[in-house]
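Student: next input, structure requested:
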Amino acid sequence: MNNKAKALSIVLIAIAIAIAIAGAGWFAYKKSAPKNENVVIRELESTLPTQWELAKKLTGRDILLEEGVKLELIRSVQSSGGTTALQALLANNIDVTSESAWPAWINVIARGGKIKALLPFRVSTKDNDSNRHGLLVLNESSIHSIKDLTGKRIAVNVLGAEADYVIRLYLKKNGLSISQVQLVVVPVSQQEQMLRSRQVDAASSGGAEFELAVANGGVRQIPGTRNYETKGEAVASGIGFRNDFIEKHPDAVRRYIRAYDLSRRIIYSKFQKDPERVRKAYAVISVEKGSNPRLARYYRPNLWTPDFPFIVDKDIQWWIDRFIEDGLLKPGQIKPSDIYTNEFNPLYKKK
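Tutor: Reported below is the predicted structural model:
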């Protein structure tokens, strides 16, 4: 078994263990909690400014307090990424997941994980992806096309999530397979350093980290490796809860999702009016938290689109079809409605 197969096996074993732990507590309750129960929701602590912090810095409003949401922040000692977040959710270490892309959701739910995505997080469009994502290499690298990746080491933030499967797709499109490269797990914040020190041959970081690396000079993007070029425009990821938590605390879940949606709309609106003010606030919070304030220069709201789309079947069915093509799922094994619901989206029933 090669290193990539071993690594993927470890990811799947971890998911299976987390599912078993979550399943053990599935029948631990007999009825839903009272509607007004004072529920504390556990979420992973972020080293970057959160939307709760940014909305408060911009408006002085505590959206969580306004909506009656109480959070407990849980520190993660693992690499960040969708797979890690969902494992923590399944293991009952947290109650709500941070952003996780659809491949990670599909992997977990196909193996029996009882979780549900409730709100879209990131939208991939031509405008917001063109200059913020792709595989980066050093200027002097011998890699000039996807076909030159054979035998190379590629940094990804976590296995079993979006970067992993997007790389599989564009390799396949160019006549290569995932077995011809080596995926190396490196947190996004360290990928540029690993690339410049030549510990990896390419880095798959996106967003502000990608733009900062480009601005620092000496790197270039491999053509054809942008997410949008691989899968087109779609809602790319979501946040959600375990099914048992949703059933036991529906009112707390609804208030959390309402607060989340309100805070991101506030940030989006402020950014449209004065992006530099928002970026300055982001930098101030970054300094307070000990994270890199230079990233603030490239900050953009995650839902970089004015219509705040709902999750729809096609966003997830595209990935299910790719999994079936690669033999990772059986036809009919899961369907998009197993992955998500818009029921808790505060605007869904008004549409």
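
Student: Thr59: what's its closest spatial neighbour, skipping adjacent residues?
Tutor: Using Cβ to Cβ, 6 or more residues apart in numbering and skipping the chain neighbours, the partner closest in space to Thr59 is Ile266 (6.2 Å). (C-beta placed from N, C-alpha, C; glycine too.)

Student: for Leu44, what are its contacts?
Tutor: Leu73, Ile74, Arg75, Ser76, Ala85, Ala88, Ile94, Thr97, Ser98 (Cβ atoms under 8 Å, 6 or more residues apart in numbering).

Student: just the buried residues from those residues, in PyMOL please.
Tutor: With 16 or more other Cβ atoms under 10 Å as the burial test, the buried ones among the contacts of Leu44 are selected in PyMOL as follows:
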select buried, resi 76+85+88+94+97+98
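
Student: now compare the contacts of Leu44 and name the two farthest from each other.
Tutor: Put simply, by Cβ to Cβ the two of these set farthest apart are Arg75 and Thr97, 15.5 Å from each other.

Student: just to check, Val185 is in contact with Leu159?
Tutor: Yes. The pair formed by Val185 and Leu159 meets the contact definition of Cβ atoms under 8 Å, at 6.2 Å.

Student: more neighbours, the two?
Tutor: Each of Val185 and Leu159 had its neighbours counted (other Cβ atoms under 10 Å), and the higher figure belongs to Leu159 (24 against 17).

Student: wait, doesn't the more buried one sit right on Leu183?
Tutor: Yes. Shown here, Leu159 and Leu183 form a contact pair, counting by Cβ under 8 Å, at 6.4 Å.

Student: what does the one helix or strand Ala281 maps to rub up against?
Tutor: Per DSSP states H and E, Ala281 falls inside helix 275-289. Among residues not part of helix 275-289, those counted as contacts by Cβ under 8 Å, 6+ apart are 47-49, 53-54, 57-58, 267, 270-271, 292-293, 295-297, 299.

Student: averaged pLDDT, that helix. What do you get?
Tutor: What helix 275-289 shows for mean pLDDT is 97.

Student: all strands of the chain, in order?
Tutor: Counting by DSSP state E, residue ranges of the strands within the chain are 40-44, 70-74, 100-101, 115-120, 123-124, 136-138, 153-156, 182-185, 202-203, 219-221, 234-235, 237-242.

Student: where among those is average confidence lowest?
Tutor: strand 123-124 (a mean of 77).

Student: relative to Ile146, which of the strands of the chain is closest?
Tutor: Each of the strands of the chain was checked against Ile146 via Cβ to Cβ, and the shortest separation belongs to strand 202-203, namely 10.2 Å.

Student: other residues contacting that closest one?
Tutor: Identification of contacts with strand 202-203 by Cβ under 8 Å, 6+ apart yields 135-137, 141, 143, 149, 152-155, 186, 191-192, 194-195, 213, 222.

Student: now that strand, how far from the centre of its chain.
Tutor: On the basis of Cα atoms, centre = their mean, to the nearest Å, the separation between the geometric centre of strand 202-203 and that of its chain is 19 Å.

Student: next: stretch 269-278.
Tutor: In terms of Cα atoms, centre = their mean, the centre of stretch 269-278 is set 23 Å apart from its chain centre.

Student: mind checking the end-to-end distance for that stretch?
Tutor: Between the opening and closing residues of stretch 269-278 we find a distance of 10 Å, counting by Cα to Cα, to the nearest Å.

Student: tell me which residues of that stretch are tucked away?
Tutor: Within stretch 269-278, the residues that qualify as buried by neighbour count (16+ other Cβ under 10 Å) are Lys270, Phe271, Val278.

Student: how about the nearest residue to the second one, chain neighbours excluded?
Tutor: On the basis of Cβ to Cβ, 6+ apart, the spatially nearest residue to Phe271 that is not a chain neighbour turns out to be Val278, at 4.7 Å.

Student: how about Ile324?
Tutor: Pro331 (5.7 Å).

Student: neighbours of the one you found, just the number please.
Tutor: Close neighbours of Pro331, defined as other Cβ under 10 Å, add up to 7.

Student: quick check: the gap between it and Ile320.
Tutor: Between Pro331 and Ile320 the distance is 9 Å, computed by Cβ to Cβ, to the nearest Å.
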